[in-house]
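[1] This is a predicted model, with the sequence first.
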Amino acid sequence: MKLHAALASILLLTASYAQAGPNLVLNGDFETADYSMWTLSSPGGGGQAFGVDVTGSPLADDTNNVFGDLNTAQLGFLRQTITTIAGATYQLKFDLQRWTTDPQFPPDNRAQVNFGATTVFNESNITGDWSSHTLIVTALSSSTLLEFGNFNNDPIYWNQLDNISLEFLRGPNDPGVPEPATLALLAGGLAALRFSRRRTHRS
């Protein structure tokens, strides 16, 4: 294989893994008026709602729709079943807010994300404004239940979600993602070899 062709292959391989597929989650930003694609479960009381962010936090936007979970006794769930490929890898992203109007109260909350039968995110007693999270997950079947669970035992806390996305990364038989250091080392080695060959031809 010619050196320039090898380098082009490396660049193509890197680009192919840098691009994820389209968002498979329906209404993941909660801007659509029809919320029928989501299933709600609120066993802990306190309620769940779609609406604008009214927390008044520094990152709040009172024109942006979010999902708020105010369950106060146990996890309430936001659910959506998604068509997936068994063994395929996906990129799951979401924004999470656990905001309090009175920071003197210690946080008493929990945020959990389940992808099928696997819990991929689980945090308790965290206080913070909007933060973005990215997870790499693997589907175990052709249909995967995506669940976001939240609860908060103190009514002055808000647990809110926004911008949920699930994007296809690679199939079960695709090669694994090369480590960036490996790609850089290989590219550097080929470039050095090419430079050496040029010097040899000139001498």
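    Structure received.

[2] Bridge partners for the nearest residue to N163 once chain neighbours are set aside, pull those for me.
    Spatial nearest neighbour of N163, excluding adjacent residues (C-beta to C-beta, 6 or more residues apart in numbering): D95 at 4.6 Å. C-beta coordinates here come from the backbone N, C-alpha and C atoms, glycine included. Bridge pairing for D95 (DSSP bridges) gives the partners S132, D162.

[3] thought D95 was touching T134?
    No. Contact criterion C-beta atoms under 8 Å: D95 and T134 do not qualify, at 10.6 Å.

[4] Compare those two and say which is more crowded by neighbours.
    Neighbour count, other C-beta atoms under 10 Å: between D95 and T134, D95 has more, with 18 against 9.

[5] Enumerate every residue touching that one.
    Listed by C-beta atoms under 8 Å, 6 or more residues apart in numbering, the contact partners of D95 are 130-133, 161-163.

[6] likewise R98?
    Going by C-beta under 8 Å, 6+ apart, R98 touches 107, 109, 111, 126-128, 152, 157-159.

[7] That one sits in which helix or strand?
    Element membership for R98, per DSSP states H and E: strand 89-100.

[8] for that strand, the distance to its chain's centre please.
    6 Å (C-alpha atoms, centre = their mean, to the nearest Å).

[9] do the same with stretch 127-137
    Mean-position distance between stretch 127-137 and its chain equals 7 Å (C-alpha atoms, centre = their mean).

[10] And for stretch 162-173?
    8 Å.

[11] same deal with stretch 34-47?
    Using C-alpha atoms, centre = their mean, the distance between the centre of stretch 34-47 and that of its chain works out at 21 Å.

[12] Could you pull out the strands in the chain for me?
    Using DSSP state E, the strands of the chain run over 39-41, 48-52, 65-69, 76-83, 89-100, 109-115, 118-124, 128-138, 143-152, 157-170.

[13] Can you add distance to L26 and mean pLDDT and give those strands back as TSV?
    As requested, those are exported to TSV (distance: least, C-beta to C-beta, whole Å; pLDDT from 0 to 100):
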stretch	distance to L26	mean pLDDT
strand 39-41	12	88
strand 48-52	13	88
strand 65-69	13	91
strand 76-83	7	94
strand 89-100	14	95
strand 109-115	16	94
strand 118-124	20	96
strand 128-138	18	97
strand 143-152	11	92
strand 157-170	10	94
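
[14] Relative to G28, which of those strands is closest?
    strand 157-170 (3.7 Å; C-beta to C-beta).

[15] Flag every buried residue along the closest one.
    With burial defined by 16 or more other C-beta atoms under 10 Å, the residues of strand 157-170 counted as buried are 157-166, 168-170.
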